[in-house]
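J.: Sequence first, predicted model second:
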Amino acid sequence: MVASRSARERKASVEAGPLATVRIDLDGDRQFVYKITCTTCLTRTKRPWSTYRAGADNGYLAAMDRWTFHLVEKHPGAEAPCLAFLPAAQQRLHERREQG
Ligand SMILES: [Zn+2]
């Protein structure tokens, strides 16, 4: 469990690119919780911008999608491997909206 968590954390960090800090925690049900924090943006309450999603692979995808949109919106020109999946992320966002 622990090894697979740190392996996932490394993979997610690489995918999210140099502007992100990725942490994977376990919640009370021993589910993965993905937290991606921006190293440069602050929210209105002066805390680092972050996105937080629980769940296995779908939690990972949802957190990474949200991070990808953050990069596109706030850091145009930034490079990160996850940007290659932007069209897929937009498609998933669209599908989630269709489902209400
Ligand atoms: Zn940012």
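T.: Thanks, I have it.

J.: and the protein, which residues reach the ion?
T.: By CB under 5 Å from the ion, the residues of the chain that approach the ion are C38, C41, K74. No exception for glycine: its C-beta is placed from N, CA and C like everyone else's.

J.: Try it again at 6 Å.
T.: C38, T40, C41, W49, H70, K74, H75 (CB under 6 Å from the ion).

J.: Please pull up the helix or strand immediately following the helix or strand the third one falls within.
T.: What it means is C41. Element membership of C41, judged by DSSP states H and E, is strand 32-42. For strand 32-42, the following helix or strand on the C-terminal side (DSSP H and E) is strand 48-54.

J.: just checking, what packs against the next helix or strand along the chain from that next one?
T.: Next along the chain after strand 48-54, taking DSSP H and E as the criterion, comes helix 57-74. Under the contact criterion of 3 or more CB pairs under 8 Å, 6 or more residues apart in numbering; DSSP states H and E, helix 57-74 touches helix 2-16, strand 32-42, strand 48-54, helix 86-98.

J.: As TSV, those with mean pLDDT would be great.
T.: Output for the helices and strands packed on helix 57-74, formatted as TSV (pLDDT from 0 to 100):
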stretch	mean pLDDT
helix 2-16	88
strand 32-42	96
strand 48-54	95
helix 86-98	91
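
J.: could you dump these to JSON lines with mean neighbour count?
T.: JSON lines is the format used below for the helices and strands packed on helix 57-74 (neighbours: other CB atoms under 10 Å):
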{"stretch": "helix 2-16", "mean neighbour count": "14"}
{"stretch": "strand 32-42", "mean neighbour count": "17"}
{"stretch": "strand 48-54", "mean neighbour count": "16"}
{"stretch": "helix 86-98", "mean neighbour count": "12"}
